[in-house]
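# I would like the atomic coordinates for the input below:
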Amino acid sequence: MGLTERFLVVFLEDLITLLSASFLCFFTVRERLKISLIKAMLTAFASIAVFSPCATLLEYYLDIPGNISILAYVFVAFLYYRRAASVEPLKLVFIMLVAVNYMYYATPVALLIARVIHAPITDPDFYLWADIWTKLPVAAVTLPPVAYVMRKKIWPTMRALTQGEWKKLWLLPLTFTLVSVITYYITGEDYLANWYYAAALSLLTACAFACYVIVLRMLQKTEESARETERVRQVDGQLNMQAKRFEEITTHIEEMRLLRHDMRHHMAALQGMLSDGQFDRAKEYLNEYAEAFKETGKSPLCQNFVVDIIARRYAAMAKEQGIDASFLLSLPQEAGIADTDLCIVLGNLIENAMRACRLQSEGRKFLRVKAKVEENKVLIAVDNSMDAVATQDKSGTGLGLSSVRAIAGKYGGMAGFEQKDGVFQASVLLYRKV
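This is a model prediction of the structure:
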């Protein structure tokens, strides 16, 4: 086979495999792309058009295997992928390695089909062309279901998991990729004579995809269980706060009843003082009465009953701990967000903030909590002081802040955490269900 024909064959093969893998990568995270999916695919096509001739020349003149060149291409592609998609790096690594697994899966399957259709021919040039014409229908048939699994099964599970799990999880597809690369390198053209090499690799890749789905589902179930435990803890705390608040309300109602019962005596006493011209004494008596009445007339911090209970509880705790706390809460009773979810978001954010204040060694300790409804959104912001050299969890990977992120995702919103100049800022956006 001449160099020109080899250029064409390798380019067509690279176009099918690399473009399929690129589509899997971009399609899986398409809502996180900073550019359109079409532009991303055009960029991939242009990069393949540059890479394929270079890889062919390296293999033709320097005998550098094409698989080695492809790995170099994948590395450069990852750098672009990271700039194009707003996703954590290790999750992008996982997706790309799964796409590489699929890419290595297409070749042995195509060779198997070519071997079945044609006799066991040992001519390498024949199989190069046969590989292309069989790989194209293989990609056309398998790419849609694989893309569906990546988009609908694997990616939602990946989004639900925190960044902590990905410190080692990406090693799973890396292992399968290395096995495929090593097998290709060892067997070489033995694919043509020994069909069971291709069959073994095909089966290995199918098992790899099944393994990814199973492992991710198990991790998701484990994390959901942990979040449910956190939810139960928060709800239990909410019930305790409600019980305490109901007790306070009952006590205040009883005090009001006694005050109203005694009001006729107070009125009689005041009438007597005024009749006798004891105006100063009457004024002093009214001040004493107003002071006794003041405690029962506390205004709520928020119209939403659950949020009011939480705010009162933490306001009292902040006062006891010497933290300057302010609450500016403008949420109606029906906020469009489940009370349990509001409880978890505010409870976790305020607990996280107060913990940082307690650990603060110097400077004024403060806590600022704001919440409001704006059109179809609920906006929540919690700021707190902290030591400038301290490191508060700003990634949202802790269980509490992970729960906040999960609830933000549940309502189609987002949660952000930023540490700047000794102040930790947490902000949450939730879209109301009205």
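# which outside residues touch stretch 408-416?
Applying CB atoms under 8 Å, 6 or more residues apart in numbering, the external contacts of stretch 408-416 come out as 159-160, 337, 341, 345, 377, 396, 401, 404-405, 425-433. Placement of C-beta: from N, CA and C, glycine included.
# meant to ask about stretch 83-90
26, 29, 32-35, 40, 82, 92, 95, 163, 166-167, 169-170.
# name the helices or strands packed onto the helix or strand hosting residue 369?
In the assignment (DSSP states H and E), residue 369 maps to strand 366-374. For strand 366-374, the packing partners by 3 or more CB pairs under 8 Å, 6 or more residues apart in numbering; DSSP states H and E come out as helix 305-320, strand 324-330, helix 339-359, strand 377-385.
# nearest to residue 152, out of the ones you listed?
Closest of the helices and strands packed on strand 366-374 to residue 152 is helix 339-359, at 24.8 Å (criterion: CB to CB).
# and the angle for that closest one with strand 324-330?
160 degrees (axes from the mean of the first three to the mean of the last three CA atoms, to 10 degrees).
# got the angle between helix 339-359 and strand 377-385?
Using the same axes, to 10 degrees: helix 339-359 against strand 377-385 is 10 degrees.
# dump the C-alpha coordinates for helix 339-359 into PDB.
Listed next in PDB are the C-alpha coordinates belonging to helix 339-359 (Å, rounded to 0.1, in the frame of the first residue of the first chain):
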ATOM      1  CA  ASP A 339     -40.000  23.200  54.300                       C
ATOM      2  CA  THR A 340     -37.700  20.200  54.900                       C
ATOM      3  CA  ASP A 341     -35.400  21.400  52.000                       C
ATOM      4  CA  LEU A 342     -35.300  24.900  53.400                       C
ATOM      5  CA  CYS A 343     -34.500  23.500  56.800                       C
ATOM      6  CA  ILE A 344     -31.500  21.500  55.400                       C
ATOM      7  CA  VAL A 345     -30.100  24.400  53.300                       C
ATOM      8  CA  LEU A 346     -30.300  27.000  56.000                       C
ATOM      9  CA  GLY A 347     -29.400  24.600  58.800                       C
ATOM     10  CA  ASN A 348     -26.300  23.300  57.100                       C
ATOM     11  CA  LEU A 349     -25.100  26.800  55.900                       C
ATOM     12  CA  ILE A 350     -25.600  28.400  59.400                       C
ATOM     13  CA  GLU A 351     -24.100  25.500  61.200                       C
ATOM     14  CA  ASN A 352     -21.100  25.700  58.900                       C
ATOM     15  CA  ALA A 353     -20.800  29.400  59.500                       C
ATOM     16  CA  MET A 354     -21.100  29.200  63.300                       C
ATOM     17  CA  ARG A 355     -18.500  26.500  63.400                       C
ATOM     18  CA  ALA A 356     -16.100  28.800  61.600                       C
ATOM     19  CA  CYS A 357     -16.900  31.600  64.000                       C
ATOM     20  CA  ARG A 358     -16.300  29.400  67.000                       C
ATOM     21  CA  LEU A 359     -12.900  28.400  65.700                       C
END
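# which other helices and strands contact it?
helix 195-275, helix 305-320, strand 366-374, strand 377-385, helix 399-410, strand 423-431.
# quick one: the second one to chain centroid distance?
So that's helix 305-320. Chain-centre distance of helix 305-320: 29 Å, with CA atoms, centre = their mean, to the nearest Å.
# mind giving me the packing neighbours of it?
helix 195-275, strand 324-330, helix 339-359, strand 366-374.
# which one of those has the poorest average confidence?
Lowest mean pLDDT within the helices and strands packed on helix 305-320: helix 195-275, at a mean of 67.
# residue 368 is in contact with residue 385, isn't it?
No: if you go by CB atoms under 8 Å, residue 368 and residue 385 don't touch, sitting 9.3 Å apart.
# quick one: which of those two has more around it?
More crowded of residue 368 and residue 385, by other CB atoms under 10 Å: residue 385, with 20 against 17.
# quick one: contacts for the more buried one?
Taking CB under 8 Å, 6+ apart as the criterion, residue 385 is in contact with 356-357, 360, 363-367, 422-423.
# and if we set it to 10 Å?
Shown in contact with residue 385 (CB atoms under 10 Å, 6 or more residues apart in numbering): 323-324, 353, 356-357, 360, 363-368, 422-424.
# mind pulling up the pLDDT for it?
Taking residue 385 on its own, its pLDDT is 92.
# can I see the domain layout of the protein?
Listed by automatic domain parsing, the domain ranges of the chain are 3-230, 241-297, 305-431.
# any idea which of these scores lowest on pLDDT?
Looking at these, the bottom one is domain 241-297 with a mean of 65.
# now the contacts of stretch 408-416: which count as buried?
159-160, 337, 341, 345, 396, 401, 404-405, 425-432 (16 or more other CB atoms under 10 Å).
# just to revisit the earlier point, quick one: which of the helices and strands packed on strand 366-374 is nearest residue 18?
Using CB to CB, the nearest of the helices and strands packed on strand 366-374 to residue 18 is strand 377-385, at 41.6 Å.
# partners of that closest one in the sheet?
Partners of strand 377-385 in the sheet, by DSSP bridges, are strand 366-374 (antiparallel), strand 423-431 (antiparallel).
# which positions within the first one qualify as buried?
Neighbour counts using 16+ other CB under 10 Å place 366-369, 371, 373 of strand 366-374 among the buried residues.
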